[in-house]
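Undergrad: Sequence and computational prediction follow.
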Amino acid sequence: MDWSVLVAGIILGFCIAAPIGPIAILCIRRTLACGWRSGLATGLGAATADGIYAGVAAFGLTVITGLLTGHIVLVRAAGGAFLMYLGVRTFLSAPPDNPGTAEEGTLLQDYGTTVFLTFTNPMTIIYFVGVFAALGIGAVPGGDGSAVLMVLGVIAGSLAWWVLLVGGTSVLGSRCNRRVLGLVNRIAGILIFLFGIALFAMIFV
């Protein structure tokens, strides 16, 4: 069993999660407003979706891949609409008096919404398929654990990024006041809304 595959998966998962996008903005905002548990639940949702996509690609589940990419317009439309809804809701949210004290939803809701939003980018699975093909990882019979190690690595790498982001945000957030939190809500709401519009626009590209 080649344990270097696990290391490669960790690096890949970290790199996929690291670019700043709507999920990162949502994670930062939830960490500041609702606390590190909310931020971590958000990151865990993204890592879960990344792991599922990696699993579909690693084990060669072409039926699922085809289903996702074949309905990419519907998936993007749903994701875009939900992002715009979250953007408006975030923009209009009243900031808490102190960082990490807002109560908006349960940790399960934070987790679930992020899994859904991460799934609205089915092109991620195409990226995984290409990388895994280059590494010689795919649907393999028998006891070859390379695919399993790669998927576990992707989850671990993605989660590592979210833990770092939540930890750093929590440290900075401890110095915020209500005015700063209100500004964060406005900026985050606008950015998330714009990401939703961009996702809609991709339908016509």
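TA: The structure has been received and is ready for your questions. Residues are numbered from 1 along each chain as shown.

Undergrad: Helix or strand next in line after the lowest-mean-pLDDT helix or strand in the chain, which one?
TA: Within the chain, no helix or strand scores below helix 62-70, which has a mean of 60 by mean pLDDT, DSSP states H and E. Next helix or strand after helix 62-70 toward the C-terminus (DSSP states H and E): helix 72-92.

Undergrad: and that following helix, what does it pack onto?
TA: Contact here means 3 or more CB pairs under 8 Å, 6 or more residues apart in numbering; DSSP states H and E; on that basis helix 72-92 packs against helix 22-34, helix 107-119, helix 178-201. To be clear about C-beta, it is placed using only N, CA and C from the backbone, and glycine gets the same treatment.

Undergrad: Can you tell me which of these is most buried?
TA: Sort these by mean neighbour count, taking mean count of other CB atoms under 10 Å, and helix 22-34 sits at the top with a mean of 25.

Undergrad: helices or strands up against it?
TA: helix 36-58, helix 72-92, helix 107-119, helix 146-173, helix 178-201.

Undergrad: any chance of these in CSV, plus mean pLDDT and distance to residue 23?
TA: As requested, the helices and strands packed on helix 22-34 are exported to CSV (pLDDT from 0 to 100; distance: least, CB to CB, whole Å):
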stretch, mean pLDDT, distance to residue 23
helix 36-58, 89, 5
helix 72-92, 87, 10
helix 107-119, 90, 6
helix 146-173, 90, 9
helix 178-201, 90, 9
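
Undergrad: Tell me who's in contact with the residue nearest the centre of the chain.
TA: Most central in the chain under CA atoms, centre = their mean is residue 46, positioned 3.1 Å from the mean C-alpha point. With contacts defined as CB atoms under 8 Å, 6 or more residues apart in numbering, residue 46 is in contact with 17, 23, 27, 114-115, 118, 158, 162.

Undergrad: what sits up against the helix or strand containing residue 14?
TA: Assigned by DSSP H and E, residue 14 belongs to helix 4-17. Helix 4-17 is contacted by residues 46-47, 50-51, 54, 124, 127, 131, 135, 137, 146, 149-162 when judged by CB under 8 Å, 6+ apart.

Undergrad: Tell me how far residue 82 lies from residue 115.
TA: 12 Å (CB to CB, to the nearest Å).
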